[in-house]
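Visitor: what follows is a predicted structure for the sequence shown.
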Amino acid sequence: MKFRAGDKVMFLNETGGGVVTRVIDEQIVHVAVEDGFEIPYSVGDLIRAGGPEGEGAQPQRQKPGTADENNRKTSPLLTTGGPAEQPESGISLAMVPRDQADPLSGSMDFYLLNTTAYHALFGLFLNKGGKYSGLESGSLAPGNKLHLGKADRTEIGDWAHALLQVVFFREGKAEVLPPASEHIVFKQVRVYKEESFAFHRLLQQKAMVVNAVTTAELGHKSKANTESHLVAGMTDSENTGRGLQGGLAEQPTWASGFLGRHKVDENVAEVDLHISSLTDNIRGLSNTDMLTMQLDYARESLRQARKDKVRKLIFIHGVGNGTLKNELLGLLRQRQDIEFYDASYARYGTGATEVVFYRHPR
């Protein structure tokens, strides 16, 4: 069924209706609902009001300024957006509910998205019980998507710490991006929150998208790994601690220690300070008690990171009212052996702080 701007429509899978304001393509149209919001809908979810041809249906007219005033009060629940809302250039994992009308239930399709101008050679590994197993590998063209398969929500845990390795290439003259090996990290509870799913232009469906690799981050990294050049230029005294074959001396193992369960990469640990991650029972705990528990855990994580020579800690503190983050930053400012700053916005939003140790004792 084709719609035109001005057509009055009813929703098949929910109550109410609205007026078609824009036709994006044969599958997607924008509908203005009674609150003044403009929301994209699949044409399969709509039917003309007033009969098959819309007899008697007249476009609803709003009073001047009504939609703008409403939009100032609250943001649309779903929008395709303008230039500022274009997907970030990178490789992402997308979860698309099969039931678009009820995105919080049922199984989901998983896609790998390439929103860069580069071809991407990739390998994707799922974390099953702490061990990685290869799921998919291949090449993904610029501006393309790849269907990885379907999974029930009970299987989300396998994807929550997946590992993606990517090599980018581009014909002709282009910036050379370093290879990437990044974890796809997200909280499993997000698949049960309505706000996690938004319309995605490449998929043309509601989806929850988790950024894994962004070209902006890669562009800020060093152009090449100079480790081999540094080793070649070292004096014998500077090379102390390296093996006879010139390799790095064996590093202390910490996989089974305090930080072992937080390990996400070699010499990198990710510590979730949300109280639900630290204890299963908060009954009887005051806000002060919970904050104390969170800060104590952060202190012990810092102590163990120093002991095990972990290079980087990522503290996930969330946004909330900012109390935990402020207290954590106060704790970090007391130390002289670290640098700290906001963690990757693409991966954690504004809810995480990255700590780098730069003076490990010899």
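Guide: Sure thing, it's come through. This structure is a prediction, so every number in the text was calculated from the model and none was measured. Residues are numbered from 1 along each chain as shown.

Visitor: where does the stretch 51-200 of the chain dip in pLDDT?
Guide: 51-87, 129-130 (pLDDT under 70).

Visitor: please, where are all the helices along it?
Guide: Secondary structure of the stretch 51-200 of the chain (DSSP state H, counting those that start in this stretch): helices located at 66-73.

Visitor: could I get the buried residue list for the top helix by length along the chain?
Guide: Longest helix of the chain, by residue count under DSSP state H: helix 287-308. Neighbour-count burial for helix 287-308, counted by 16 or more other CB atoms under 10 Å, picks out 290-291, 293-295, 297-298, 301-302, 304-306, 308. From N, CA and C alone the C-beta is placed, and that goes for glycine too.

Visitor: show me the domain layout of the chain.
Guide: For the chain, the structural domains run 8-73, 86-220, 253-357, going by automatic domain parsing.

Visitor: export these as JSON lines, with columns for distance to Lys2.
Guide: Formatted as JSON lines, the domains of the chain follow (distance: least, CB to CB, whole Å):
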{"stretch": "domain 8-73", "distance to Lys2": "7"}
{"stretch": "domain 86-220", "distance to Lys2": "17"}
{"stretch": "domain 253-357", "distance to Lys2": "38"}
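
Visitor: for Met1, which of those domains is the nearest?
Guide: Proximity to Met1 (CB to CB) singles out domain 8-73 among the domains of the chain, at 6.1 Å.

Visitor: where does Trp280 sit: helix, strand or coil?
Guide: Careful, residue 280 is Asp; it's not Trp. Under the three-state scheme (DSSP: H, G, I helix; E, B strand; the rest coil), Asp280 adopts coil.

Visitor: list phi and psi for it.
Guide: phi -90, psi -10 (degrees, to the nearest 10).

Visitor: start at 26, not 1
Guide: In the new count, where the first residue is 26, that last one comes out as Asp305.

Visitor: any idea how far it is from Met318?
Guide: 13 Å (CB to CB, to the nearest Å).

Visitor: got it, and Gly174?
Guide: Following CB to CB, the distance that separates Gly174 from Met318 is 39 Å.

Visitor: and Gln190, by the same measure?
Guide: For Gln190 relative to Met318 (CB to CB), the value is 36 Å.

Visitor: and for Thr140?
Guide: Thr140 sits 40 Å away from Met318, going by CB to CB.

Visitor: now swap in Gln359 and tell me
Guide: Going from Gln359 to Met318 by CB to CB gives 19 Å.

Visitor: can you tell me how far Asn152 is from Gln52?
Guide: Per CB to CB, Asn152 is found 35 Å from Gln52.

Visitor: and those two? which has more neighbours close in?
Guide: Neighbour count, other CB atoms under 10 Å: between Asn152 and Gln52, Asn152 has more, with 18 against 12.

Visitor: partners of the more buried one in the sheet?
Guide: For Asn152, the beta-bridge assignment (DSSP bridges) gives partners Tyr157.

Visitor: just checking, it touches Asp183?
Guide: Yes. Judged on CB atoms under 8 Å, Asn152 makes contact with Asp183 at a distance of 6.5 Å.

Visitor: neighbours of the residue nearest to Asn236 when sequence neighbours are not counted, how many?
Guide: Excluding the flanking residues, the one nearest Asn236 by CB to CB, 6 or more residues apart in numbering is Ala371, at 4.2 Å. As a burial measure, Ala371 scores 17 neighbours (other CB under 10 Å).

Visitor: ok, Ala371 - contacts?
Guide: 113, 115, 236, 239, 241-242 (CB atoms under 8 Å, 6 or more residues apart in numbering).

Visitor: what are the boundaries of the helices in the stretch 226-375 of the chain?
Guide: Using DSSP H, counting those that start in this stretch, helices in the stretch 226-375 of the chain cover 240-245, 252-258, 300-303, 312-333, 348-358, 370-373.

Visitor: out of those helices, nearest to Lys288?
Guide: helix 312-333 (9.9 Å).

Visitor: next, count neighbours for the spatially closest residue to Trp184 that is not a sequence neighbour.
Guide: Once flanking residues are discounted, Trp184 sits nearest to Leu151: 6.4 Å by CB to CB, 6+ apart. By other CB under 10 Å, 21 other residues sit near Leu151.

Visitor: for Leu160, see how far away Leu151 is.
Guide: 5 Å.

Visitor: can you check which residues contact both of these two?
Guide: With CB under 8 Å, 6+ apart as the test, Leu151 and Leu160 both reach Ala187.

Visitor: contacting residues for Arg286?
Guide: Arg286 touches nothing, counting by CB under 8 Å, 6+ apart.

Visitor: pull the number of nearby residues for the residue lying closest to Asp367 once chain neighbours are set aside.
Guide: Nearest-residue entry for Asp367: Thr378, 6.4 Å, with adjacent residues in sequence omitted and distances by CB to CB, 6+ apart. Neighbourhood size, Thr378 [other CB under 10 Å]: 21.

Visitor: Thr378 and Lys350 touch, don't they?
Guide: Yes. Under the criterion of CB under 8 Å, Thr378 makes contact with Lys350 at 7.0 Å.

Visitor: identify the contacts common to the two.
Guide: By CB under 8 Å, 6+ apart, the residues touching both Thr378 and Lys350 are His342.

Visitor: show me the beta-bridge partners of the nearest residue to Tyr383 once chain neighbours are set aside.
Guide: Leaving aside its sequence neighbours, Tyr383 sits nearest to Glu364 (CB to CB, 6+ apart; 6.2 Å). Glu364 forms beta bridges with Val381, as assigned by DSSP bridges.
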